[in-house]
Structures are given as C-alpha cells and as structure tokens.
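Asker: Coordinates for the following, if possible.
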Amino acid sequence: MYLKKAYLLQAEQLILESETKINRIQIKLTLRLCGICLLLIILPESTFGQIVELNPLFSDHLVLQQNTKAAIWGKTEPKAEVIVSGSWGKHARILADMDGNWRTELQTPKAGGPFDMMIATATDTVRLNDVLVGEVWLCSGQSNMEMPLKGFLPNEAITGSREAIRSADFPEMRVFKVSRNVSAQLQSEVDGSWSVCTPETAGEFSATAFFFGRKLHETLNIPIGLIQSSWGGTPAEAWTDVEALKEVTGFQEVEEKLEELKNPLSDYNVWMNQLEKIDTEEIFHKYEDLIDPEYASEHYNDSHWDVMQIPNWLEDEFKNYDGVIWFRKSFELSEVDENVRYNLSLGGIDDEDITFINGVEVGVTRNWTVQRNYSLPPGLLRKGYNSIAIRLFDGASNGGIYGGQKFGIQKDDKLIADLSGDWKYLPTALLSNNQFSVFTAGHSYKDMPTPSLVVNSNLPTGLYNAMIHPLHPFAIKGVIWYQGENNVGRAEQYKTLFPAMIHSWRKAWGQIFPFYFVQIAPYPYSGAENSEAAELRFAQHQTLTVPKTGQAVTLDIGSKNTIHPPNKEDVGERLARWALAKDYGHDKVAYSGPVCIAAKKSWGRIILLFDPGADKLVAGDEGLQGFEVVYPDGSVSSVKASLRRNKVVLSLQSGQNPIEVRYAWKNSSTASLFNSAGLPASTFSIIVN
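Answerer: Take a look at the predicted model:
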C-alpha cells in the first residue's frame, strides 16, 4: 500500500510539474514507465486493470466554470484510488466505491487557460488537453434553441448567418452538444463532445446559444462554455423532474404511469418486444428499408386499411403516436391535358413526407414548417382513376396532414380535384425509445395494447431523465431557455409547470443559478386573432416572480410566416443583456423592456404605470397599438393609447367601466411599446384599480 501511494504521489508530482520547462512528452513517458516498473515489481495482482473512464462531459477542449469547486467524475475498478490534477496547481484524490464509481471536486482558478488535466490510478492515466476555465451556461429548450446557426435548410435561414459563420473564429468559445435521448428512468451519462468555435464548426451550434455566448465572450473577454441540450417539438413537462411534475395539475399520476411503462412484464412491453427494432430515426430517409414499396403503387389493394378524415392531426385519431404512417386515396379526373404541368397542394404536413401520384414519387419534404406544393410532370395524371399515397413521419409532438386553404390538384391556381375527405391509412412503425418498432401482419398497430405513456420526446420527465439529469453536478453559471410553443393552449398549466421545472433543475444542482428565458414570438397558431399564444406568453411573463429569472421578449422580432423566427442574433444578445447586468456587474446595460406595474382609473381614462427598464417609454413607428380592456361581462374592446409623462394613457368612452387591461393579447400581436434602449414590453394583463 505504501509503495502504491508512493506511485500515486510521484504521478501527481509529475503532473503538477507539467507547466515547467520539462518536456511534456518526456513527462508522459516517464509517468508510464514509472507506473509499469512499480506495477511489475511491487503491486499485487488486484491492482492491474484500473482503467480510468471519464464521464463524456470531460474531454479535450473542456470548459470548466471558474472560481468554483468543479465536480469531476467517472468509473474505474472498485476501491481504486484516483488522483485528479490540473496544471493550474490544484489536485484532488478519491477512492472509487464498490461499483467503481468515483466523483471528486477540483478547485478551479479565475478564467484562463489553456490548461491540462490528468486523471490517474495506479495503472492508468488520462490526459485532457486544451482545457479552459471560464463561464459555463446550459442552453436548453425546443426547436428555437435547437435551430442551428446555419438554419433549418433549405427553407429556414438565420438572418446574418453567413457572415456570423465566416467570422466565427473564437477559440475560447466551446460547445458541448448533447445528443438526443429520452428515457423513463434517470440516466447517468449523455453522448456528446466539446467543439471549439471555428467557421467550420459554428454552423452546427444553436444560433441562440451562439449569439448569447459570442456577446458574453466579446464583452467579458474570457472563455465561454455552452452546453446545448435541446430537442425540437417538445413540451416543458418532458424536461421536468418527476417529483416536481407530481405537484402540477394534470401530472399527479405521472409516477404511477411511469412505473407501468417501465414494467417489462406489462402487456404493452411484452407485445412491443416481439416487434422488429431499428435503432435510428435516420432510417426514415431510407424508406425502402422500413416500408413495403407496394404501398405507393396505384395497384395496391388497401381495402383492409382503416379510414380517417384528412386534413387532420394524428392526435385526433391516435394517442401518443410518433412514427411512420401511410395514407392512400383514389380520385377521378373528368379530363386531363397531358401537356400541362399540374400542381399538388397539400398545405402543412408534420413532420416529413414522401408523396406519390400513380406510383411515381413527386415530392419529399423533411421540414414541418414548409407548405407542400409539388409540381406534377406532364402526362402523370390521367383521365379517370388516379391514386395518391403519402408516407408520413412524425418525429415529435403533434403531427399529421393538416392542410391549408386549398387541398388537392390545381391547374392555374384553380382546384380541379379536392382531396379532402376519407383517406385510407396504415401505421407501419412506431418511434419509441429512439427505436422504430416495425408493425407486421401478425402485430398491427390496432392490436397494440394502449399504454398510458409511450417513450418518445413527449414523455413527461423523459428528456429531464436523459438529457438534463446526467449533466449535474457539472458546474455551471446558469441556464438560458427557449421553449413554450409546444405548451400553447395550456397556459394555465404552464403557470405552475414552468416554475416547477426551474425549481427541479435548481434542486438537482443544489444551486439557485440564474435562469433566463425567451418569451415565444408572435405566430398565428389556430388563428392570428385568437389568443392561446398570448396567454402562454403571459404565463411565461408571470414566471419573473421566481427569483433570479429574466425574460427576453421577442414581440418585435418574430415572423408570422414561420414559428422559427430568423432573427436569432437579437434573441441571444437580449439573453446576454440579462447575464451582463445581473451576473457580471455591467450595471449600465439595459436588460428588460417596460414592465406594467399598475393600472389606475382616473377621470374617464386608465393610467398605466411602468417600470421602464430604461430612461423612458417609446412608441413604435406606427404608434401605440394592441391595447384592449375587458368588462365585467367578459366582453372586450380595443382602446386608444397614448404616451404622456412616461405613462401610457388609455382613453375610455363615456360609461365604460373596464376591470382589466390587456396588451398584445392576440397570437400574432407585435410590439408597439418599447423603452429608450429599444427593448419591447411583454404581453401582459393587469387588473384596473
């Protein structure tokens, strides 16, 4: 034992001397030779094979949080002694437990680097190169956080992305991108690796996270580490710990349902285990490997398929279904000009489709935000009987063929064949637990036992278990969050769900870290004049009552044409404003738009008082708009608004006695009230006193 410890101390000494003039290659060779000699001469057989395995978060190009005790962990042989050393002069030692798990803490210096780290047992040493110490932020949410700097190509670009990518030479800014994963049980590891920000890598980084990190890096001039853990089309409950979820209305029984799902002997799991499994959703792009090509044929007999109305959402017919479904329909044309190029208009399809007319592939789209308009080659359509087949893949959340204003065959923008109505359908593969389970003749979807929950990206707690829980206790400064679109329509629940999620993360880390979020942007959803998105925005706004939270409002930088606004630079920089002002001592940085704090009735008017967040209130280019009042009977009317002495004044008609004022209370409302820093006010509702 004494000699074994002597070996470890010698290894430690060599590591700590690695910043001296001694050649690093010689140190490594010496360390290895010392270890080999000692092992061969004096160490008992039980010490052989003490291989060091680090958690994937610890690799070359790692960024550690500065001025903290950073947790470092991994696996080795049971009861093996592990030394962790940093070339900045700090070290720690720990004994692995009976299962070989070990975790220790290493004091980090102020921001700087690059450094090296050594993790050693008696028989193995792992060296981490190019380690920086700086500020580390966790960046999470759904597709607007996931959206890469290069955009969702080819149809959804990021404004200014080409120049941003071309100039993205920031060797002290790094991103750890967590691979998608979902689980019904807590996981201990994520897949991923650290990438240095260069013009070659930056295009794959989250655009919001990139612009946030760039602003911090350029302002603070210190290394920045960004952990990107996001998944498009996911609800907040998927990112929330089960204990926190049990306190939220609608999820009180979630733990019981999860236990049923995890039971290997449940009817559902026994049935599903009999199906063929394919291990990657990318297989969708190789459709011949997953489906019967005959389903596309105009001669295929689909008489045994079930029938549903199209356009429609899958969730109207299926519960918790993500995967592949075929749709077929026959239609007749009374006449066809074989020299004309007709158009097939299908409107919206969520997520991806391959579409066939008379057995011929006419279009493929892998972007749920793109309207399907496929040009048909001359001669493909014929007089009389024709067929259409669509292979749909829904990868997350709501999906389906939800259509548009025109749904069918068009000639010169005139609809000549309406394809809405009865369609035949056949589910062919269920996406669950990152696998396709392929249905066969003996195991069709309609025979599948119906579970309360399915392991997909919507699973309550599923993404927390697999993509958040494994990250702690990795030391972070705070969190930025961009999500909410998939909870539109459930604003009342979100008022408790979102704070519960924040509390669950802070509890896991044992730290009240700053949590800055993006308010969802204007988008029509069920209709531009409806209000379910505005209600969700207000639910987000109310989360500001949670300590150390901040909100980046996007009412002025949304896009009515896409749920993924292209302006991510302002989003990232508005999040960075909160961090600079609240966490890095930049007191003069404006970080919030105007916040309404009171509504008072006075002489036939309502006076709105604001905490402006800057020097003064400013109206938009078209004046103040979007203000409305609510009456005791629930009726609503718009009101004229003006600015007077840094207050908003609403003019009432004689006899009006409203009880509430609302602003930007429609799905597609845009900002008209700002402060002098150019930051917009949030959607709000306030009672009149």
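Asker: Pop the domain breakdown of this protein in here.
Answerer: 2-123, 134-250+474-583, 276-447, 595-687 (automatic domain parsing).
Asker: For the second one, measure first residue to last.
Answerer: Right, the one you point to is domain 134-250+474-583. 14 Å (C-alpha to C-alpha, to the nearest Å).
Asker: what about it, distance to the chain center?
Answerer: 7 Å (C-alpha atoms, centre = their mean, to the nearest Å).
Asker: Return the set of residues that bridge with residue 651.
Answerer: Beta-bridge pairing of residue 651 under DSSP bridges involves residue 605, residue 640.
Asker: Tally up the residues packed near residue 268, please.
Answerer: Residue 268 has 18 neighbouring residues, counting by other C-beta atoms under 10 Å. In short, each C-beta sits where N, CA and C put it, glycine included.
Asker: surely it meets residue 448?
Answerer: Yes - the pair residue 268 / residue 448 is scored as a contact, 7.4 Å apart, by C-beta atoms under 8 Å.
Asker: Name the strands paired with the longest strand along the chain and say parallel or antiparallel.
Answerer: Counting residues, the longest strand in the chain under DSSP state E turns out to be strand 125-141. Partners of strand 125-141 in the sheet, by DSSP bridges, are strand 63-65 (parallel), strand 112-120 (antiparallel), strand 224-230 (parallel), strand 478-482 (parallel).
Asker: Go through these and name the closest to residue 185.
Answerer: Comparing those by their distance to residue 185 (C-beta to C-beta), the top pick is strand 224-230, with 17.6 Å.
Asker: before we move on, back to that, and the next element down the chain from the longest strand of the chain?
Answerer: helix 143-146 (DSSP states H and E).
Asker: average model confidence for the helix or strand following that following helix?
Answerer: Following helix 143-146 in sequence order, the next helix or strand is helix 161-166 (DSSP H and E). In this model, helix 161-166 has a mean pLDDT of 98.
Asker: contacts for helix 161-166?
Answerer: 149-151, 158, 199, 202-203, 207, 210-211, 569 (C-beta atoms under 8 Å, 6 or more residues apart in numbering).
Asker: Pull out the buried residues from the residues you listed.
Answerer: 149-151, 158, 202-203, 207, 210-211, 569 (16 or more other C-beta atoms under 10 Å).
Asker: out of those, who's nearest residue 249?
Answerer: Of the buried ones among the contacts of helix 161-166, the one sitting nearest to residue 249 (C-beta to C-beta) turns out to be residue 207, at 34.1 Å.
Asker: Low-confidence stretches in the stretch 301-450 of the chain?
Answerer: By pLDDT under 70, the stretch 301-450 of the chain has no low-scoring segment.
Asker: Which residue is the nearest non-sequential neighbour of residue 294?
Answerer: residue 300 (5.0 Å; C-beta to C-beta, 6 or more residues apart in numbering).
Asker: Kindly report the same for residue 601.
Answerer: Among residues not flanking residue 601 along the chain, residue 688 sits closest, at 5.6 Å (C-beta to C-beta, 6+ apart).
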